[in-house]
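**Q** Sequence plus the predicted model coming up.
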Number of protein chains: 2
Amino acid sequence: MKKTTKKQNERVKIIPLGGLDKIGMNITAIEYNDTILVIDCGISFPDDEMLGIDKVIPDVTYLIENKEKVKGFVITHGHEDHIGALPYILPQINVPVYATRLTMGLIEHKLEEAKLMKKTKRRVVKQGGQINLGEMRVEFIKTNHSIAGASALAIYTPAGIIFHTGDFKVDYTPLFGESIDLQRMGVLGRKGVLAVMCDSTNAIRPGFTPSETKVAKTFDTLFAENRTNRIIVATFASNVDRVQQIMNTAYKYGRKVILQGRSMETVIKIAEELGYVTIPEKTLISVNEMNRYPDEKLVFITTGSQGEAMAALSRMADSTHKKVVIKPNDAIIFSSTPIPGNEKAVSRIVNELARKGANVIFQDTHVSGHACQEEIKLIYSLLKPKYAIPVHGEYRHLIAGGNLAKDLGTEEDHVFILEAGDVLELSEETGKVVSKVTARGVYVDGLGVGDVGNIVLRDRQSLSENGVIIVSLTLERKTGKLLSGPDIISRGFVYVRESEELMQELKKVASKAIEKCDKQNHREWGQIKSEIRDSLDDYLWKKIKRSPVILPVIMEI
Amino acid sequence: MKKTTKKQNERVKIIPLGGLDKIGMNITAIEYNDTILVIDCGISFPDDEMLGIDKVIPDVTYLIENKEKVKGFVITHGHEDHIGALPYILPQINVPVYATRLTMGLIEHKLEEAKLMKKTKRRVVKQGGQINLGEMRVEFIKTNHSIAGASALAIYTPAGIIFHTGDFKVDYTPLFGESIDLQRMGVLGRKGVLAVMCDSTNAIRPGFTPSETKVAKTFDTLFAENRTNRIIVATFASNVDRVQQIMNTAYKYGRKVILQGRSMETVIKIAEELGYVTIPEKTLISVNEMNRYPDEKLVFITTGSQGEAMAALSRMADSTHKKVVIKPNDAIIFSSTPIPGNEKAVSRIVNELARKGANVIFQDTHVSGHACQEEIKLIYSLLKPKYAIPVHGEYRHLIAGGNLAKDLGTEEDHVFILEAGDVLELSEETGKVVSKVTARGVYVDGLGVGDVGNIVLRDRQSLSENGVIIVSLTLERKTGKLLSGPDIISRGFVYVRESEELMQELKKVASKAIEKCDKQNHREWGQIKSEIRDSLDDYLWKKIKRSPVILPVIMEI
């Protein structure tokens, strides 16, 4: 292992290309001279106003422009907001990917689907292990999170150590595996850490995030209370430890487990193959074997805990699931908390399930995967960095994370609340944002990447609010004489049958607009179109206070 | 006062026309022989999938069909979900409106705006007072809620007493006015109550909703902690007591109060005129006087606590407010909890405010206006009704409310979880749903009422996801020969400039479809249109997995 010695007056750059300001799309470049390494490469899910968008991936223009410097992606853990964009980005920057085993298993599943396996160099790193990337060295350090294999990264650069926590919590009593490697952090802190990039998701919450053990106790109680009926547990597919825990409880109570939902089956299959999940003997059965067992011998573990419309639980709630029919007295345990924005979707499903007589249970069946204030303080206290850079959170979370660092002694001007695209240059002496690079979300809609932008989204917004009216007419090429039309059709505007009169009025208004152009000898299509558009727009706003998209279509023969 | 004596074998009907299954659009008819009275007449706000809809009002077909029976609206309190539909419904059924003073003040404001004041008979009822309506008698009973003047209704019918709680909580120590009239409920319960319709909004929450006094203490602490900076408090305009409380605290700490937001100014003006708010001497100033006072002498009380895009707080956050500019160190207190569905909007504003350096405060500055489980139990224990009908809540809340009634001794089959439109017939002997009447939401979009229905909304949904493509062509009338086109335009689909090639491809696909029709001698427009639509749809799905709305437009000359 090469030794990356710290030198005087050296500078390193930290360049987040996403993952700040909102939760999702985590990707950060660390740059020293001719070496760039990239931490994570995630997607974010679209905001409400991004109509029709499936996901958002980072713009990696800066990495492409510096292709020859980029040595690899180092991935902290296997959640979508940290690995989901790899299939889109790797074809643009073909560099090796480094991750712990489960994370790599999940990445490989994506690469297989995208037919990128052969083209992509991959290397599994053990927790505690180190890799050399150009002039930097990266150490993977065990943490706790809601997925196994989560790591913090210590990045040794000639300018000093940059410590990135990844997504983490401190679980002194994890159900499976080891606790977070606090000792190593102590050792690093004693050596001297230049900067800490710390997960701030829960930085506004006081106290400690409870241990996963707490949930285990609740599950035991719930299984004991529901001995005579079927149990259905909804949780995140990626929460491998939670699924393990539910399977163990099922085994203890003599129940068979059925996994439901594509991602649930995929993730658990990968986790089992890689030894991250141990399925208790004869516990897992397929949904087709369901009828061989009475209800009280069954547990379903299903996707859909966020109310996702296409997930298995939604299909059960809507009676569109092919195999599983909700019965009165089914106990349905939500082992998750709605992510902000999903509350209504979750409510909808809970009501549907309640309507079918199911007993829906929410309480004490989930703990967060992210550190609260006391845990964040612990990390800063162990690492005592010169600079603090809160990451992973909305602006208010980053501010709160920064305040914790200040409370623990980081100097006011050594705390950086960055925006995506900021180039932060750090040395032992000074730290400041020296420039800005391109960093924005690229929209993925179906198979299209980047062909939908803000103008298209604005149009979708207008269309969604009031629909579209199309005014068509045919003109004679030579004379500009109206040969046919104007005809009016609409979609998403009003019930045409019930508003026959209004449609006739619109036709008259359009005709008048055309006549006006004719009289004033306006022959330009642009003029005619805007005359039609303006007069209909005026008329509709006055008449019914609505502004549909108005599209005049002119044909010429 | 007429005495409405209870008779043997008499039956009364309870017909909710809204307000069940979701929170909002409260309206319930009580019918006995030739008397119908209607409790409340509210709107609901649109669900996410109701694109472009401004509000939803009840369908009152049943009331119109029985117009001669309807004796009046009795209104429990002045919130939008209880009074908001009156301006739409009164022109259809012109009957008197009965309410307590503040409620009536808020109703009158609406009637003025809708120019309905002269046409509408109104009568203010005191709490404790009774009115006769045909063969029924209604008593208004004081409750506590997040607006003053809230009442429960005891409806005396020949079949027995129906008790409707309205929206309520039990506040033993309200900041202003009296506590809920539990004694009267005890008296009524001793007499014998046929049915209770009980607010179930918080029926899944254990314990007691805290008193408003709790919030008062928090405000005092927050004002003491923020002596040197400006304070901005966001809350509901309709929460008159809260606003009073903030004004009192402001007065105590020597600050001037500025109200922001149209509804805030209107509601407080009405409340003050009617004596529901007492503005401490010289405390209220206009925003134009703001500059005469230093920051530490000012408090703004503003709308926008739910992240509403057009509210005053949003405009401050987005720097589009004409007068108020957020400064670093402003303390911004959210005295409210986000209503499910509004979390993301609230988050967005909080982040914007934090970005401007403001200190955003959420903790302990709000209590619910609705009863939790222990309070609901108290009401059932006082009234001991024969029948229990949980109201005001989503399905799971109604179920939980019903379970509380059962726990307290109401027989299993005497608890009714109703749906809007159910006609529940009750007598001393039996209770059952005997029929169903029309009850649905009518969509209001701009000035249009009911001209947007599910087909239009489905179109808006499709338009919002993938936009629209218009294929236009001109045919010769006699021969069906293609004279011009096909031309393609799109909105909300892709950046046309960046997808020139795709647009050319679409033109080719459309041309081919037209040729195919020509060859097969398909001259019907319907056939040509569906051939074009299908082939473009196929092509686009295969090529980019998207399904825009495709509208062929054919002109003929």
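**A** Right, received. Where do you want to start?

**Q** Need phi/psi at the residue of the stretch 151-300 of chain A found nearest chain B.
**A** Using C-beta to the nearest C-beta, the single residue of the stretch 151-300 of chain A nearest to chain B is A:I204, 8.5 Å away. Every C-beta, even on glycine, is put in place using the N, C-alpha and C of the backbone. Main-chain dihedrals, A:I204, degrees, to the nearest 10: phi -90, psi 0.

**Q** ok, so what distance separates A:D220 from A:D171?
**A** 18 Å (C-beta to C-beta, to the nearest Å).

**Q** more crowded one of the two?
**A** The neighbour count for A:D220 versus A:D171, taken as other C-beta atoms under 10 Å in any protein chain shown, is higher for A:D171 (25 against 15).

**Q** and A:T266, what element?
**A** helix A:262-273 (DSSP states H and E).

**Q** distance between that helix and the chain's centre?
**A** 19 Å (C-alpha atoms, centre = their mean, to the nearest Å).

**Q** Now that helix: buried residues?
**A** Residues A:263-265, A:267-268, A:270-271 are the ones in helix A:262-273 that count as buried (16 or more other C-beta atoms under 10 Å in any protein chain shown).

**Q** Now do that helix, average pLDDT.
**A** Across helix A:262-273, the average pLDDT comes to 93.

**Q** any residues touching it, and which ones?
**A** A:102, A:105-106, A:109, A:148, A:237-238, A:240, A:243, A:259, A:277-279, A:301-303, A:312 (C-beta atoms under 8 Å, 6 or more residues apart in numbering or on different chains).

**Q** Just the buried ones from those?
**A** Buried, going by 16+ other C-beta under 10 Å: A:102, A:105-106, A:109, A:148, A:237-238, A:240, A:243, A:259, A:277, A:279, A:301-303, A:312, out of these.

**Q** helix, strand or coil for the spatially closest residue to A:K432 that is not a sequence neighbour?
**A** Excluding its sequence neighbours, the residue lying closest to A:K432 (C-beta to C-beta, 6 or more residues apart in numbering or on different chains) is A:E425, at 6.3 Å. Following DSSP: H, G, I helix; E, B strand; the rest coil, the label given to A:E425 is strand.

**Q** OK, contacts around A:E425?
**A** Counting by C-beta under 8 Å, 6+ apart, A:E425 has contacts A:11-13, A:431-434.

**Q** Can you pull the poorly scored residue ranges out of the stretch 1-150 of chain A?
**A** A:1-8 (pLDDT under 70).

**Q** ranges for the helices of it?
**A** A:61-65, A:80-83, A:86-89, A:101-113 (DSSP state H, counting those that start in this stretch).

**Q** of all those, which lies closest to B:I75?
**A** helix A:80-83 (48.3 Å; C-beta to C-beta).

**Q** got the angle between the helix or strand containing A:E352 and helix B:343-355?
**A** Here A:E352 is covered by helix A:343-355, with elements defined by DSSP H and E. Orientation note: helix A:343-355 sits at an angle of 150 degrees relative to helix B:343-355 (axes from the mean of the first three to the mean of the last three C-alpha atoms, to 10 degrees).

**Q** Mind listing residues that contact whatever helix or strand comes next after helix A:343-355?
**A** Of the helices and strands lying after helix A:343-355 in sequence (DSSP H and E), the nearest is strand A:359-361. Outside strand A:359-361, the residues within contact range by C-beta under 8 Å, 6+ apart are A:222, A:229, A:329-334, A:350, A:353-354, B:396.

**Q** Could you give me the buried positions within the helix or strand just after strand A:359-361?
**A** Next along the chain after strand A:359-361, taking DSSP H and E as the criterion, comes helix A:373-383. The neighbour-count check on helix A:373-383 (16+ other C-beta under 10 Å) flags A:373, A:375-376, A:378-380, A:382-383 as buried.

**Q** ok so, going back, ok, and which of the buried ones among the contacts of helix A:262-273 reach chain B?
**A** For chain B, no contacts are drawn from the buried ones among the contacts of helix A:262-273 by C-beta under 8 Å from any C-beta of the partner chain.

**Q** Which one of these is nearest to A:K121?
**A** A:G105 (16.1 Å).

**Q** related to what we said a few turns ago, most surrounded residue in the contacts of A:E425?
**A** A:V12 (25 neighbours).

**Q** any low-confidence regions in chain A?
**A** Using pLDDT under 70, the flagged stretches of chain A are A:1-8.

**Q** Just the closest of the buried ones among the contacts of helix A:262-273 to A:D40, please.
**A** A:L106 (12.9 Å).

**Q** these two touch, right, that closest one and A:G78?
**A** Yes - if you go by C-beta atoms under 8 Å, A:L106 and A:G78 touch, sitting 3.8 Å apart.

**Q** Identify the contacts common to those two.
**A** A:S238.

**Q** Apart from its neighbours in sequence, what residue is nearest the residue in the stretch 1-150 of chain A positioned nearest to chain B?
**A** Proximity to chain B, evaluated over the stretch 1-150 of chain A using C-beta to the nearest C-beta, is greatest for A:G52 at 3.9 Å. Among residues not flanking A:G52 along the chain, B:E465 sits closest, at 3.9 Å (C-beta to C-beta, 6+ apart).

**Q** need the contact list for that neighbour.
**A** With contact set as C-beta under 8 Å, 6+ apart, B:E465 has these partners: A:51-52, A:460, B:547.

**Q** from the chain's centre, how far out does the longest strand belonging to chain A sit?
**A** What stands out as the longest strand in chain A, according to DSSP state E, is strand A:482-491. The gap between where strand A:482-491 is centred and where its chain is centred comes out at 44 Å by C-alpha atoms, centre = their mean.

**Q** For it, which strands pair with it and how are they oriented?
**A** Sheet partners assigned to strand A:482-491 using DSSP bridges are listed as strand A:468-475 (antiparallel).

**Q** What are the buried residues along the partner strand?
**A** Buried-residue list, strand A:468-475, by 16+ other C-beta under 10 Å: A:468-475.

**Q** cool, stretch A:430-447 as well?
**A** A:431, A:437, A:439, A:441-446.

**Q** quick revisit: neighbour count for the contacts of strand A:359-361 - can I get that in CSV?
**A** Below are the contacts of strand A:359-361 laid out as CSV (neighbours: other C-beta atoms under 10 Å in any protein chain shown):
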residue, neighbour count
A:L222, 19
A:N229, 17
A:N329, 13
A:D330, 23
A:A331, 19
A:I332, 25
A:I333, 26
A:F334, 25
A:V350, 21
A:L353, 23
A:A354, 21
B:R396, 20
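
**Q** deepest of the helices of the stretch 1-150 of chain A, which one?
**A** helix A:80-83 (a mean of 24; mean count of other C-beta atoms under 10 Å in any protein chain shown).

**Q** quick one, the helix holding A:T266 and helix A:101-113 angle?
**A** Going by the same axes, to 10 degrees, helix A:262-273 makes 130 degrees with helix A:101-113.
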